Every structure is written in C-alpha cells, then in structure tokens.
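> Provide a 3D model corresponding to the input given below.
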Amino acid sequence: FALCCQCNATLAAIKRETNSWKWPVFVFFYMTSLAYVAAVIINQIGLIIGGG
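This is a model prediction of the structure:
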C-alpha cells in the first residue's frame, strides 16, 4: 500500500464510476495529505531516535 497520490487512471475510474469530480478531487487531496503527514511523523521519529 502506497501513501501517495493515486495515478491518473485511478482518478479517471473514480470519476467515471461516481459521475462526479467531487470524489477524485477528494481522493487526490486526502492521499497527498496523508502521505505528507506520515512523512513528517516518520522524519520526526527518525530525528528523535538519531539525535539529529
């Protein structure tokens, strides 16, 4: 499982299935935000453990 923006094909499939841009836009921003938050948390843990 990857914490990142979904590929364009996935976003297009969501758009086609829901017949709306609401969900593809939500998925794009949700997954991007989730990946960013996870990266910051992991970075902070690494700094704490490594004494950086």
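> distance of Gln6 from Ser20?
Gln6 sits 16 Å away from Ser20, going by CB to CB, to the nearest Å. Where you see a C-beta, it was placed from the backbone N, CA and C, and this is true even at glycine.
> now the residue positioned nearest the centre of the chain. Nearest residue, chain neighbours left out?
In the chain, the C-alpha nearest the mean C-alpha coordinate belongs to Met31, at 2.0 Å (CA atoms, centre = their mean). Spatially, and ignoring its direct neighbours in sequence, Met31 is nearest to Cys5 (5.6 Å; CB to CB, 6 or more residues apart in numbering).
> report the contact partners of the residue nearest to the centre of the chain.
Applying CB atoms under 8 Å, 6 or more residues apart in numbering to Met31 gives the contacts Leu3, Cys4, Cys5, Gln6.
> cool, and Cys4?
Met31, Thr32, Ala35.
> ok so, going back, between the contacts of Met31, which is nearest Asn43?
Leu3 (13.5 Å; CB to CB).
> counting neighbours, what do you get for the closest residue to that closest one other than its chain neighbours?
What sits nearest to Leu3 in space, not counting adjacent residues and going by CB to CB, 6+ apart, is Ala35, at 4.0 Å. Counted with other CB atoms under 10 Å, the neighbours of Ala35 add up to 14.
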